[in-house]
Structures are given as C-alpha cells and as structure tokens.
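Novice: Curious how this folds, go ahead:
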Amino acid sequence: TCALRAVHRRVRRPRPGQIHLHRTYRPVPRRPTGTSVVLSVPRDRGTVLLMFPAAMLIVLVFGGMAIDVGLSQVRARELQSVAASSANDALASLDIVALRNSGDIRFDQARAQIIVAESIAAGPLPSATIDFVGVQPDALGRAEFVVTLSLDVDLVIAPALPGNLATTRITRTESVTILG
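Specialist: Just a heads-up that it's a prediction; the model follows:
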C-alpha cells in the first residue's frame, strides 16, 4: 500500500511548472521554453506569379467590355432624345388647313424628311440616319407620327479583342400622337 500511495500522490499532486486542468490535478506537461512548433508548408511558392497575368487580363477584358457597353447605352439615350425631338419638329409638316376644315390628316412627306434631317444635323448626333418617317395608326386607331433613327457606334475596346466587332448599330423609334 505504501507504493500505491506514492503513485497516487504523484498523479494527484501538482509539480512545480505544470498546468492543472480544472479540479482533477492531472498534470499537463509544458513545452520547454525556447522550442517552437514547425508546421510543414507545401512548396507552392511562385504560383501567384503565374496567376497574376491571367487575372489582370481578365480584369482588363471585363473593364473594356464595361466601357463599350456604357458608351453604347449613352449613345442609345442620346439617339432616343434626338428621335423624340425630330418627331415633335416633324409635326410642322402637317397640313393645318386640311385638318381644321375637314379633319383629314395630311402631311408633306418630303417636307417631313427635310425637317427631321435638319433636326438631326442640329442635334448631338449628326451621323444618325433616318430609317422611317411617316404616319401610322396606334393601338387605339389614332394617328401617330413615327420617326425611326439608327446610329453606328464605334466601340473603344472591342476592336482590340478577338473577333470582328468594331461597331454596333443602335436603332430607336419615337412616336407623337397627332390627335389625342
């Protein structure tokens, strides 16, 4: 029994320099000071140097696409504005005398084309082309004056990329109700 008491005392009683967990008094050995833990790191050095050019190329391509799409959207809004102002200006070709006397909607097609061409030339997009100028009925049967314009937009970054995309064509239609 004397030997058992010595073992029991050794396990239960803490030694100096040991950490004790909770109430168990079981000693947890400390790591001697001055030693460090060495983790094994796989030898993947230099892979970032290989991935960086590919990542940079992807960022540049997406940035270029954003520039081209933004330019196309700005030109489309400008073309819509020019089409609306051209349609309003082209109402000057309407024969007011015939409209007042008999209610007939008549307009001079040649004069309407000239008015729309002058409106385009005075606007921010003088290179826009006229696709259609005329009167058409709307869904309710009312007469509408319709102007359809198109514009070729030169892209900035896309010509440098593979493929054959140097320009894109934008078409916008605007209509004005003659009698509401």
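Novice: For residue 138, give me its contacts.
Specialist: 144, 175, 177 (Cβ atoms under 8 Å, 6 or more residues apart in numbering). (Glycine included, C-beta is placed from N, CA and C.)
Novice: and with 6 Å instead?
Specialist: residue 144 (Cβ atoms under 6 Å, 6 or more residues apart in numbering).
Novice: From residue 118, how far off is it?
Specialist: In this view, residue 138 and residue 118 are 26 Å apart by Cβ to Cβ, to the nearest Å.
Novice: and residue 103, which of the three is it?
Specialist: Under DSSP: H, G, I helix; E, B strand; the rest coil, residue 103 falls in the coil class.
Novice: Run a quick neighbour tally on it.
Specialist: 8 (other Cβ atoms under 10 Å).
Novice: Over to the one 4 residues further on?
Specialist: Residue 107 has 21 neighbouring residues, counting by other Cβ under 10 Å.
Novice: Kindly report the same for residue 81.
Specialist: Other residues lying near residue 81 total 15 when counted by other Cβ under 10 Å.
Novice: The helix or strand where it lies - what's its average pLDDT?
Specialist: Assigned by DSSP states H and E, residue 81 falls within helix 47-90. Averaging pLDDT along helix 47-90 gives 91.
Novice: which phi and psi does the closest residue to residue 82 other than its chain neighbours have?
Specialist: Leaving aside its sequence neighbours, residue 82 sits nearest to residue 123 (Cβ to Cβ, 6 or more residues apart in numbering; 4.4 Å). Dihedral pair for residue 123: phi -90, psi -170, per degrees, to the nearest 10.
Novice: again, but for residue 118
Specialist: Per degrees, to the nearest 10, the backbone of residue 118 is at phi -70, psi -40.
Novice: Now it. Nearest residue, chain neighbours left out?
Specialist: With Cβ to Cβ, 6+ apart, the residue lying closest to residue 118 is residue 89, at 7.8 Å.
Novice: Settle this for me: that neighbour is touching residue 119, isn't it.
Specialist: Yes: applying Cβ atoms under 6 Å, one finds residue 89 in contact with residue 119, separated by 4.5 Å.
Novice: In this protein, mark out all the helices, start to finish.
Specialist: Assigned helices in the chain, in chain order: 2-12, 47-90, 96-101, 109-122 (criterion: DSSP state H).
Novice: which of the ones you listed is buried the deepest?
Specialist: The highest mean neighbour count among the helices of the chain, using mean count of other Cβ atoms under 10 Å, belongs to helix 109-122: a mean of 16.
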